[in-house]
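Chemist: My questions concern the predicted model and sequence given below.
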Amino acid sequence: MERRTSIARFFLSTALVAALVCPAGFATAGPAKKSATKTEAKAAPEAKPAAEASAAAAPSQEEMMAAMMKNAAPGPEHAALNPLVGSWKTTTKMWNAPGTEPTVSAGTCERAWTMGNRYLVANYKGVFSQMPFEGMEVLGYDNMKKQYVSSWVDNMGTGIMMSQGGAMDPSTKTFSLGGNMVDPATGKEMTTREVTNIIDNNTYVMSMFANMGGQEMKMMEITFSRVK
């Protein structure tokens, strides 16, 4: 009898401890939910309008497609390059140092539009240091960057020279491209500036300058004369 009384007291004590330690309704209702703070209660009704406003601000698929098509369309900056299209004979002058006489050579160039008048591709052939020279340029106007962009490759190297610059000056029909190249003599990078001046529909001149040792020097000048 005494043993049973001790067991009963044990279970009663356990039940009282559980009642004191555990939240009310633990056995039937499960864990109590945390009550929302004033900040959370205020934010909850605002979350839905904010989400709706964000959805309303996002462009539709039709609007995104229209913007993409607008940026992909050739514009007046592309048309400004039309005088460069055609077959040309070239006269190239190259300077090794300031104040020296240039080396003069002759060549040819073919320029034509590709991909719906978006990019102007030039294929140049000439002579460099008494060796056959070939070069190719892809020139265009980036509607997103609002700049002319150019890439140049030739058979005298393995790199791709990238350059870019602002829109053409309509009063002088001149545009400039800036970039960087590695000096083959020193292996150091130097900045370059290329200026193209459209004289008329049958003539244009491209001049290239390089910053060498902190001083800009005219390295090359090519005069393009139309063949057809």
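Modeler: Everything's here; your move.

Chemist: any low-confidence regions in the chain?
Modeler: The model of the chain has pLDDT under 70 over residues 1-56.

Chemist: Could you state which residue of it sits nearest its centroid?
Modeler: For the chain, Lys145 is the residue whose C-alpha lies nearest the centre (C-alpha atoms, centre = their mean; 7.4 Å).

Chemist: can you give me the strands in the chain?
Modeler: Per DSSP state E, the chain carries strands over the ranges 86-94, 103-114, 119-128, 131-142, 147-154, 161-165, 174-182, 189-200, 203-212, 215-226.

Chemist: I'd guessed Gly116 sits against His78; true?
Modeler: No - using C-beta atoms under 8 Å, Gly116 is not in contact with His78, being 9.7 Å away. Backbone N, C-alpha and C define where each C-beta goes, glycine included.

Chemist: residues of stretch 104-123 that come out buried?
Modeler: Under the neighbour-count criterion of 16 or more other C-beta atoms under 10 Å, stretch 104-123 has Ser105, Gly107, Cys109, Arg111, Trp113, Tyr119, Leu120, Ala122 buried.

Chemist: before we move on, the earlier item: quick check: the closest residue to the residue nearest to the centre of the chain other than its chain neighbours vs Glu194, distance?
Modeler: With C-beta to C-beta, 6 or more residues apart in numbering as the criterion, Lys145 has its nearest non-adjacent residue at 7.1 Å, and that residue is Gln164. Here Gln164 is placed at a distance of 10 Å from Glu194 (C-beta to C-beta, to the nearest Å).

Chemist: Which of these two has more residues huddled nearby?
Modeler: Between Gln164 and Glu194, counting by other C-beta atoms under 10 Å, Glu194 is the more crowded of the two (20 against 16).

Chemist: how about that one, what does it touch?
Modeler: By C-beta atoms under 8 Å, 6 or more residues apart in numbering, Glu194 lies in contact with Ser150, Ser163, Gly165, Ser176, Leu177, Gly178, Gly179, Met206, Ser207, Met208, Phe209.
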